[in-house]
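Colleague: Sequence and predicted structure below; questions after.
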Amino acid sequence: MTDDPEKPEAWTLKVAIADGGPAAGIPVTLLDEHGNPAGHWMSDPDGQITLPRQTGDRIRIRLGLRSEPPLTLEAAELDRGVVQVTAPRTATPAVVEREPSPRVREHGVRERPERADLPGHLLPFTRLLIAPPEGTEAPAAGEGPVAGPVDFLDPVEPAGEAPRYGVLLEMEQHWELAGHATGDLLHTVHLLPGEELRAAISDRRWVQAEPERPIEAAAALIADPSPLDGLRADGVRSVEPLALVPAAGGAVHIGPAVAETALTLAERAVRAGHLLRRRPLSVRVVSGSSEPPHAVVRTLRNPHADRPLAFHFYEALTRSRVFTRLVHARPVVLVPFRLPALATRGAVRQYAPLLRRVLLEDTLRPDLERMLEDAPHTHVGDTPPVSELRVIAHRAPGEHGHDLRKLWCYLHVDQTRYTVHFFPADTPPGVDAPIRAGGAYWIGAIRLSDFHEHPLQFPGRIAFQNASRETIAFDTLHVEGRAGDRWVRLKTFRDLVVPAQSQVQLASLAALAYAPGVEPGETRFLAHIAANLPYYAAAIVAGGDRGSRFAALTRLRDGQGRPLASLIENAVVGVVGTWAAFPLRRVDFAPPGLRAALATFHSRPHRTTEEVTAALPLPGVWMTAQAGEPWAALPAPRDQRDEGPEEGPTLRGRRWR
């Protein structure tokens, strides 16, 4: 309460941009008499900020970055009502894009409006912050489990795990044009008077079906390849996710992660310019009628008759001031999903429209189009090339005394486990050879009912497990699959030792695509799908039918038993491995720890704006011509200086000072 009842208890500021509109999300810092921060606020969507009344005749505030000069406001002016201040350029884009009103020509014909010239570009990015599970506290120094070897090549399906929560950061980078600059000198060509030659300019930095702009190439280098990039129409790109580390007491702080994200995007913007400049760009002189492929040939000519001419080729650059800032932070829920069997002809034909948009390797596009022909090949089915598996084992020398029938052995294909039943057979190495009882060869068969109950999922990882207490040593182990009515040998392993109660990885079922009956082009494409299964599965989940996603989400519930379909927006905003991120409709639906972290972040926001200067190369090169001095003005050769000038001095065979 104030001593004077006529004076207000709080002051109101309105932050506006250059044209007078409200500026939302502008940080405001109150400074004390020594210039140190005494409080932090942020403008609301209407651009207004409510400050508690301060003692003294005037106050000092700072808008935006700490590099901005402080403002001094009189207390008497603040007591009279709302005081409007202008936001700095570092906190808002310099120009707001708007269309001019259409003009009307004579006879009532509407003239086509002209777009205003924008001085820069706006690049949106998103980043997922993965929150720790509720109740997780920061481990003390020297505590915590010691991590063992991790298989980064075998994706894990988190289908049985509960949903996780996180924060989606929506960032913006504003590239404001700051002028052009001349880069490195690429090549210099010297021409004698009247001479003519051809120069080939090879710029392979933008060789594509539709050449991209430098700003688009920079955005692709700043972000990471995501299955959502080909599905979004707004040009938003994703950055790799970041895990939030709990502090002492289990509290989670979002501010440091936001500042780190802004700094990372700013540094990558500068690095993107350097990476684009390292792409192949060359200028060289060509002779004859031959022209290098993908090159532009220009004819250079010296029109002077009395002086040489030099052509200098420079790299063309454009300099930009890059401002990175946070736009919005919203809570999300991460839902795990299973990896489907996509590496089959039927699955490829079913999801062909999505696969075309998110295909990672353009060289495989012809193989995809051949698989989508209207007349499919009769010998290629919609199921994996093999329907059953078995193993043929040859015991190592000195191991014939062990009876494999008394051991417990399994064959794993991803998460499915099949029991292997061994029986002896005196069988030569051939697949179709007759089987005789006794000997060192064993056949490990799997019941047909097991495959009927759990069909083979293609692709998959094959592993052999020894669940017994004895070590098994194989001189040779063959993995075979049934293709139709015959067995096909798929893989052979030699000198294989399986310790007791352990398992070894054998191979990937992607190799089964090389079985007879599948075309080489389809084999190559299916192997690519198998190697990048999490990527394409996430693209199908994100770009699939919304009704199917809603039906699947109704079966999942959060920690309070509420169905996720009623808590989230049915749109995938990010992907982390085999987790799909959905934004929550309200902050109240987030766990208590995440709600507290978001409330703390919005009450005292951190400085999230970074400013750097980046240089991007422009397509093509810049060329300048520099003429030399006239030959008549050059000094005479040393051996002719005393004998008088000779007719028409030339450069050939002469040494000039």
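Modeller: Great, that's in hand.

Colleague: Please report the distance of Trp579 from Val572.
Modeller: 10 Å (Cβ to Cβ, to the nearest Å). Yep, even glycine has a C-beta here, placed from its N, CA and C like the rest.

Colleague: who touches the residue nearest to the spatial centre of the chain in this structure?
Modeller: Nearest to the centroid of the C-alpha atoms of the chain, with distances taken as Cα atoms, centre = their mean, sits Asp224, at 1.3 Å. Neighbour list for Asp224: Ser238, Val239, Glu240 [criterion: Cβ atoms under 8 Å, 6 or more residues apart in numbering].

Colleague: of these, closest to His412?
Modeller: Glu240 (30.5 Å; Cβ to Cβ).

Colleague: Give me the neighbour count for the closest one.
Modeller: Counted with other Cβ atoms under 10 Å, the neighbours of Glu240 add up to 11.

Colleague: From the contact counts, what lies against the helix or strand harbouring it?
Modeller: Element membership of Glu240, judged by DSSP states H and E, is strand 237-243. Applying 3 or more Cβ pairs under 8 Å, 6 or more residues apart in numbering; DSSP states H and E, we find strand 237-243 packed against strand 120-130, helix 214-222, helix 255-277, strand 574-576.

Colleague: tell me what the third one is packed against?
Modeller: On a contact count with 3+ Cβ pairs under 8 Å, 6+ apart, helix 255-277 meets strand 120-130, strand 164-191, helix 214-222, strand 237-243, strand 309-336, strand 610-627.

Colleague: what helices or strands is the worst-scoring helix or strand of the chain on mean pLDDT leaning on?
Modeller: None of the helices or strands of the chain scores lower by mean pLDDT, DSSP states H and E than helix 520-531, at a mean of 75. Packed against helix 520-531, as judged by 3+ Cβ pairs under 8 Å, 6+ apart, are the following elements: helix 345-350, helix 365-371.

Colleague: and Gly56, that's in a strand?
Modeller: No - checked against DSSP: H, G, I helix; E, B strand; the rest coil, Gly56 lies outside a strand; its state is coil.

Colleague: Counting neighbours, what do you get for it?
Modeller: Gly56, neighbours per other Cβ under 10 Å, totals 8.

Colleague: ok, and the closest non-adjacent residue to it?
Modeller: Leaving aside its chain neighbours, Gly56 sits nearest to Ala75 (6.6 Å; criterion: Cβ to Cβ, 6 or more residues apart in numbering).

Colleague: measure the one you found to Leu584 for me?
Modeller: On the measure of Cβ to Cβ, Ala75 and Leu584 end up 42 Å apart.

Colleague: Can you name the residues that contact the residue nearest to Gly56?
Modeller: Gln54, Gly56, Asp57, Arg58, Ile59.

Colleague: between those residues, which is closest to Thr344?
Modeller: Checking the contacts of Ala75 one by one against Thr344 (Cβ to Cβ), the nearest turns out to be Ile59, at 69.5 Å.

Colleague: so what pLDDT did the residue nearest to the closest one when sequence neighbours are not counted get?
Modeller: Nearest residue to Ile59, sequence neighbours excluded (Cβ to Cβ, 6+ apart): Leu73, at 5.5 Å. pLDDT for Leu73: 86.

Colleague: how far is the helix or strand harbouring Leu73 from where the chain is centred?
Modeller: Here Leu73 sits within strand 71-74, counting by DSSP H and E. Centroid separation between strand 71-74 and its chain, computed with Cα atoms, centre = their mean, to the nearest Å, is 45 Å.

Colleague: Partner strands of that strand, with direction?
Modeller: strand 58-63 (antiparallel) (DSSP bridges).

Colleague: What are the buried residues along the partner strand?
Modeller: Ile59, Arg60, Ile61, Arg62, Leu63 (16 or more other Cβ atoms under 10 Å).

Colleague: for stretch 299-315, same thing?
Modeller: Buried residues in stretch 299-315 (16+ other Cβ under 10 Å): Leu300, Asn302, Arg307, Pro308, Leu309, Phe311, His312, Phe313, Tyr314, Glu315.

Colleague: cool, and stretch 9-19?
Modeller: Trp11, Leu13, Val15, Ala16, Ile17.

Colleague: Now do the closest residue in space to the last one that isn't next to it in sequence, the pLDDT please.
Modeller: Using Cβ to Cβ, 6+ apart and skipping residues adjacent in sequence, the residue nearest Ile17 is Ala23, 4.8 Å away. The predicted structure scores Ala23 at 81 on the pLDDT scale.

Colleague: Regarding Leu506, what are the backbone dihedral angles?
Modeller: Phi and psi for Leu506, reported as degrees, to the nearest 10, are phi -100, psi -60.

Colleague: what's the neighbour count on Arg268?
Modeller: So Arg268, with other Cβ under 10 Å, has 23 neighbours.

Colleague: OK, contacts around it?
Modeller: Applying Cβ under 8 Å, 6+ apart, the residues near Arg268 are Leu221, Ile222.

Colleague: where's it relative to Glu610, distance?
Modeller: Counting by Cβ to Cβ - Arg268 and Glu610 are separated by 11 Å.
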